[in-house]
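Undergrad: Below is the sequence, then the predicted model.
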Amino acid sequence: MLSLKYIQENQEEAIKALKIKNFDAREIIGTIINLDEKRKANQSELDATQAEMNSLSKEIGNLFKSGKTEKANLAKAKTVELKETISELSSESNSILTNLRDLLLQIPNIPHPSVPAGKGEEDNIIVKTLGEIPTLSKNALPHWELAKKYNLIDFELGNKITGAGFPLYRGKGAKLQRALINFFLDLNRDAGYEEVIPPLVVNEESGYGTGQLPDKEGQMYHVTEDNLYLIPTAEVPITNIYRDVILNAEDFPIKNTAYSACFRREAGSYGKDVRGLNRLHQFDKVEIVQIQHPEKSYAALEVMVAHVESIIKKLELPYRLLRLCGGDTSFTSALTFDFEVYSAAQDKWLEVSSVSNFESYQANRLKLRFKEKNSKKTQLAHTLNGSALALPRIVAALLENNQTPEGIRIPKALIPYTGFDIID
RNA sequence: GGAGAGAUGGCAGAGUGGUCGAAUGCGGUGGUCUUGAAAACCAUUGUACUGCAAGGUACCGGGGGUUCGAAUCCCUCUCUCUCCGCCA
């Protein structure tokens, strides 16, 4: 969430910027500022009353000690009114505080000045398109047919065991998953990211920390009996490592990578682009996360984008890089770049990575702060993350683009990981 | 799942109703001493809100209660540890 201080100091700017995200903030920001005025007034009154109470209590204690019981009892009578005032003021203060937080949680992150206006995907800016679009023979197959033909993925079995969107990988299909995961993790490690294996299930607090809650409650599988959530991305557990942490400026950058299975309910998205591997309830992804100094986060974002790009290049897939418009940039992100690979038989661009700078938006929720050397003051850190990479759509493109009459060719860089150079 | 114990500052660990934001030790930071270092000694060392400042207020796992006054007593939730059971 945005910090109150930022909103107060940049009211008009914020309202203007949020229009890029198609969010009309004028009313809510007005309410917040009024509420905060109330909060301050209420708080200082509470503090003063509390102070009076404290000194009176001390006095009573001393009176009792020195045996002046009557005087003490007299003083005690005075506390009755004070107590009542305190309980009124503090319950009011509590309700103001929760109210304020609820409102703050409703405001999306401020988009970076470079984010173009726009409603949806059609307004995203194509930064570049690279790689050769393969020409397939006219009897080329989409990946779900290829997966069946070569016995790589069994969608029906997944359906039987669990339900739609939970495919079962087998044989070379399973090995390909494992190869890609190791390939990605190794490249991320070489780029300086420390590998972690996080829990796949998180508590409510973690969900709030990275912004999945309350905005995207319906997107996560909820284990109600224990009030835990299946992670929709490793971003959630990794970033929450740093919840409630105060770092030193010299700790930056913090870089973590993790493979995890990801679980998404995808409620409401049935019927659209859901064939095969295009959209699943459970999928594999390798994620990268950085915690950065505010002055260096955009430089870090660029490096992250370049890193993801280098991985896609190694896979020899045609791709394009998009700068997302306001309407497509997520609630919590300030600036997001998407990578899409071209899946030839479907003739579709598929999103395989999303790299974002959240600035201090998550950090504020997480209470992730740092101190400059020789400074006592804490400030909010910046968080960034990106997919490096999401597997299913990479697999879709690999299968479709590399199909030949002899079988499916494996890109050179991946062969040491798969142990085979063709699927036949 | 059953029985018991516990949760205090960066860490260890005291504190069982007032003078406790909290002893002491370790660690951190600054300094004295030293050619340099170590040792020793001195000082300092949590977070947040509020205020120009001095200061004030809150926080001893979370929430609630008793009391003039709670780290300390009561209720409740969460978590951790030990033993037993079950188990990859």
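TA: The structure has been received and is ready for your questions.

Undergrad: in stretch A:68-75, what counts as buried?
TA: Under the neighbour-count criterion of 16 or more other C-beta atoms under 10 Å, stretch A:68-75 has A:72, A:75 buried. Heads up, the C-betas are built off the backbone N, CA and C, glycines and all.

Undergrad: how far does it sit from the chain's center?
TA: 59 Å (C-alpha atoms, centre = their mean, to the nearest Å).

Undergrad: now what about it, what contacts it?
TA: Stretch A:68-75 is contacted from outside by A:56, A:59-60, A:63-64, using C-beta atoms under 8 Å, 6 or more residues apart in numbering.

Undergrad: what is the mean pLDDT for stretch A:407-415?
TA: For stretch A:407-415, mean pLDDT is 97.

Undergrad: Actually, stretch A:33-43.
TA: Stretch A:33-43 comes out at a mean pLDDT of 94.

Undergrad: swap in stretch A:129-142?
TA: The average pLDDT for stretch A:129-142 rounds to 92.

Undergrad: got it, and stretch A:190-203?
TA: Stretch A:190-203 shows a mean pLDDT of 94.

Undergrad: That stretch and RNA strand B in contact?
TA: No - judged by C-beta under 7 Å from any atom of the strand, stretch A:190-203 stays clear of RNA strand B, getting no closer than 8.2 Å.

Undergrad: So what touches that stretch?
TA: Taking C-beta under 8 Å, 6+ apart as the rule, stretch A:190-203 contacts A:185, A:188-189, A:223, A:227-231, A:234, A:236-238, A:240-241, A:255-261, A:263, A:288, A:307.

Undergrad: If any of the residues you listed are buried, give me the ChimeraX selection for them.
TA: Buried members of the contacts of stretch A:190-203, defined by 16+ other C-beta under 10 Å, are picked up in ChimeraX with:
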select /A:185,188,228,229,230,231,234,236,237,238,240,241,255,256,257,258,259,260,263,288,307
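
Undergrad: What is the longest helix anywhere in chain A packed up against?
TA: Longest helix in chain A, counting residues (DSSP state H): helix A:26-65. Under the contact criterion of 3 or more C-beta pairs under 8 Å, 6 or more residues apart in numbering; DSSP states H and E, helix A:26-65 touches helix A:4-9, helix A:11-20, helix A:69-105.

Undergrad: Tell me how many other residues crowd A:D424.
TA: Each residue near A:D424 was counted by other C-beta atoms under 10 Å, and the total is 11.

Undergrad: A:T224 and A:E9, how far apart?
TA: 41 Å (C-beta to C-beta, to the nearest Å).

Undergrad: Right, I'll leave it there.
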